[in-house]
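Enquirer: Pasting a predicted model and its sequence here:
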Amino acid sequence: MSEHSESANAFRDGSSFRPYEILLKAGLRPTRQRLDLVGLIFGAPGRHLTAKELYQLAREAGMGVSLATVYNTLHQFSDAAIIKRIPVDRGVVYFDADVNAHHHFYVDGEDRIIDIDSNSISFLRFPELPDGCTVAGVEVVIHLRRRIRDNAASAAHDSVN
Ligand SMILES: [Zn+2]
């Protein structure tokens, strides 16, 4: 696993990817396991992972880590704002290496999440805010489904379900 992959270099203000510093800054002890998991998250294509996907990557990388540990670590990371938790659907939660505000497409039935540039969505109308509240951020998940025409090919491909 490289600590200097292309995607990881896009992390925070274009600075290079330093898992050790990231953990220290977040107040988390940089254990080998945390360093490895941070590396896997930021090195993953698209950098959106569910706990199960990260668990699989960790096993493939030869880490002797349990799914429960992966869950706990992901929640520690998101509590520390190293990554962002994105609940999309029916208990499906993604963890995003990009903590900046941005939007997502989610392809229902394919468990696929795709970034949307934050400048490509604007709001014409906004609801009145509840008393005592201010907007902390607006993040949209646009749910997609395959058009009927494409369904046959997609169903043949994902016939496991
Ligand atoms: Zn994202």
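Expert: That came through, no problem.
Enquirer: Tell me where this protein has helices.
Expert: For the chain, applying DSSP state H gives helices covering 6-9, 19-25, 32-43, 51-60, 67-79, 148-157.
Enquirer: what does the chain put close to the ion?
Expert: Listed as neighbours of the ion in the chain under the rule Cβ under 5 Å from the ion: D96, D98, D115. To be clear about C-beta, it is placed using only N, CA and C from the backbone, and glycine gets the same treatment.
Enquirer: one more time with 8 Å
Expert: Within reach of the ion by Cβ under 8 Å from the ion, the chain has these residues: 46-48, 84, 86, 94, 96-98, 102, 104, 113, 115.
Enquirer: Could you dump those into TSV and include neighbour count and pLDDT?
Expert: Compiled in TSV, the residues of the chain next to the ion are given as follows (neighbours: other Cβ atoms under 10 Å; pLDDT from 0 to 100):
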residue	neighbour count	pLDDT
G46	14	79
R47	19	87
H48	23	94
K84	18	94
I86	19	94
Y94	23	95
D96	21	95
A97	22	93
D98	17	91
H102	19	90
H104	18	95
I113	20	93
D115	14	94
